[in-house]
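# give me a model of this one.
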Amino acid sequence: MDIQLTQIIFQIINFGVVFGALVFLLYKPVLKIFDERAKRIEEGQKAAQQAIDAQENLSNMAAEAQKKLKKERASVLEKAQEEAKERAAQIIADAKAQAQEETEKSKKAWEEERRQLMKAARTEMAEAALKAAEVVTAGILKSDKKAQEKLIDAELEKMLKQI
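Numbers count the residues shown, from 1 in each chain. Next comes the predicted model:
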């Protein structure tokens, strides 16, 4: 077995051509594919991070909106309670005024009825006193009207004092 220099050189050239063809045809496209894939993965990670940030932002916004809604609900409830208290106070005041008015009407009606009863009683007493006076005086005072009125008034005053 003999070492031949031409054969070694030919093998080196063959190896260089095959190596160059493999680098040109396989290694560079594979590297290009790996680079593109790395870029896509990186873009996907960025998109995922953006989605996570957007989700956190939405969560924060939802929490803020919920807090705001709770505050608004509390203020609306507080306003409604204040309105209810004011309305209740107004209704109570109106009811008291109406009750006072009804009481005043009842008092006036009672006073009017009392006055009418007193007038009727006075008239009846006057008639009774006049009849009694007629019987007692037997017609002495029939002709004198002023004396009759004085006598009636005096008797009525006595009766009213007793009542």
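# use CA for all of it now, contacts and neighbours both
Noted.
# now do the strand or helix carrying W110, average pLDDT.
Applying DSSP states H and E as the criterion places W110 in helix 28-137. Average pLDDT, helix 28-137: 90.
# before we move on, what about stretch 147-155?
The average pLDDT within stretch 147-155 is 76.
# chain center to it: distance?
Its chain's C-alpha centre and that of stretch 147-155 lie 73 Å apart, by CA atoms, centre = their mean, to the nearest Å.
# same thing with stretch 115-130?
Distance of stretch 115-130 from its chain centroid, counting by CA atoms, centre = their mean, is 63 Å.
# for burial, what's the neighbour tally of A121?
For A121, the neighbour count with other CA atoms under 10 Å is 13.
# got it, and the one 4 residues further on?
Other residues within reach of M125 by the criterion other CA under 10 Å amount to 17.
# packing partners of the helix holding W110?
Here helix 28-137 touches helix 145-162, going by 3 or more CA pairs under 8 Å, 6 or more residues apart in numbering; DSSP states H and E.
# list the buried ones in the helix it packs on?
Neighbour-count burial for helix 145-162 flags Q148, L151, I152, E155, L156 (criterion: 16 or more other CA atoms under 10 Å).
# mind listing what's buried along the helix or strand where A21 lies?
Under the criterion of DSSP H and E, A21 resides in helix 5-22. Counting neighbours by 16+ other CA under 10 Å, one finds that helix 5-22 has no buried residues.
# what's the angle from it to helix 28-137?
Per axes from the mean of the first three to the mean of the last three CA atoms, to 10 degrees, the angle that helix 5-22 makes with helix 28-137 is 20 degrees.
# would you mind giving the secondary structure of I3?
Of the three states, I3 takes coil according to DSSP: H, G, I helix; E, B strand; the rest coil.
# against I9, how distant is it?
Counting by CA to CA, to the nearest Å, the gap between I3 and I9 amounts to 11 Å.
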